[in-house]
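*Asks:* Structural data only, the sequence is not supplied:
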C-alpha cells in the first residue's frame, strides 16, 4: 500500500512538472504585417492626431509617426465595431496602460509616458473610442506589446 501511494505522488509530481513546463513554453505567435502596415511603422515624421467628438468636450492628442497613415489604410473602418465593444476594450487597455506608466522601472518609460484619464462612466462618443481603440492596436503591433488578454488584430 505504501508503494502505491509513493508511486501516485511521483506521477503527480511528474504531471505537475509537465504542466509547468507546458505553461512556460512560448506560445506567442509572430505577427505578420501587410505592406501598408510596415510602411506606417517605418515612418519617422510624427503625425499629430487630435481625437475629439462634436458631441463631447473630450479629446485626445496622439503624436505618433505613421499612426494617421495606418488609421486610414490599415485599420477597420468606422462602424465595424460597436461603440460598446470599443468602450469595453478601451477600458481594459487603459487600465493596463496606466499600470505600466506607474511601473516605470518595469516597463519602458519611453513607451508609457503619461497616464490616460478614461472613465467607463463617461460617454466619449464613437469617434473618440474608435480612434483610441485603433491607436492601442497600432501601438501593440508596432512595439510588440500586449495591453490585455486579446491579441491585437486588425
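*Replies:* Perfect, thanks for sending it. Fair warning: this is a prediction, and the values are worked out from it, not measured in the lab. Numbering: from 1, shown residues only.

*Asks:* what is the mean pLDDT for the host helix or strand of residue 72?
*Replies:* Secondary structure from DSSP states H and E places residue 72 in helix 67-73. In this model, helix 67-73 has a mean pLDDT of 86.

*Asks:* Could you do stretch 134-154 as well?
*Replies:* 90.

*Asks:* Buried residues, it. List them.
*Replies:* Neighbour-count burial for stretch 134-154 flags 134-142, 145, 147-148, 152 (criterion: 16 or more other C-beta atoms under 10 Å). Every residue, glycine included, has its C-beta placed from N, CA and C.

*Asks:* following the helix holding residue 72, which helix or strand comes up?
*Replies:* Heading C-terminal from helix 67-73 (DSSP H and E), you reach helix 83-102.

*Asks:* looking just at contacts, which helices and strands does that following helix meet?
*Replies:* Applying 3 or more C-beta pairs under 8 Å, 6 or more residues apart in numbering; DSSP states H and E, one finds that helix 83-102 makes contact with helix 126-143.

*Asks:* Okay, angle between the helix it packs on and helix 83-102 too, please.
*Replies:* Angle, helix 126-143 to helix 83-102, by axes from the mean of the first three to the mean of the last three C-alpha atoms, to 10 degrees: 50 degrees.

*Asks:* Run through the neighbouring helices and strands of the helix holding residue 72.
*Replies:* helix 35-42, strand 48-52, helix 126-143.

*Asks:* mean confidence for the shortest one?
*Replies:* So the one you mean is strand 48-52. 65.

*Asks:* How about the first one?
*Replies:* Across helix 35-42, the average pLDDT comes to 66.

*Asks:* which element is the nearest residue to residue 135 once chain neighbours are set aside on?
*Replies:* Nearest residue to residue 135, sequence neighbours excluded (C-beta to C-beta, 6 or more residues apart in numbering): residue 62, at 5.5 Å. Here residue 62 sits within strand 59-63, counting by DSSP H and E.

*Asks:* In the buried residues of stretch 134-154, find the pair that's most separated.
*Replies:* The span of those, defined through C-beta to C-beta, is set by 142 and 148 at 16.3 Å.

*Asks:* As TSV, the buried residues of stretch 134-154 with distance to residue 125 would be great.
*Replies:* Compiled in TSV, these are given as follows (distance: C-beta to C-beta, whole Å):
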residue	distance to residue 125
134	15
135	15
136	17
137	19
138	20
139	21
140	23
141	25
142	26
145	26
147	22
148	22
152	23
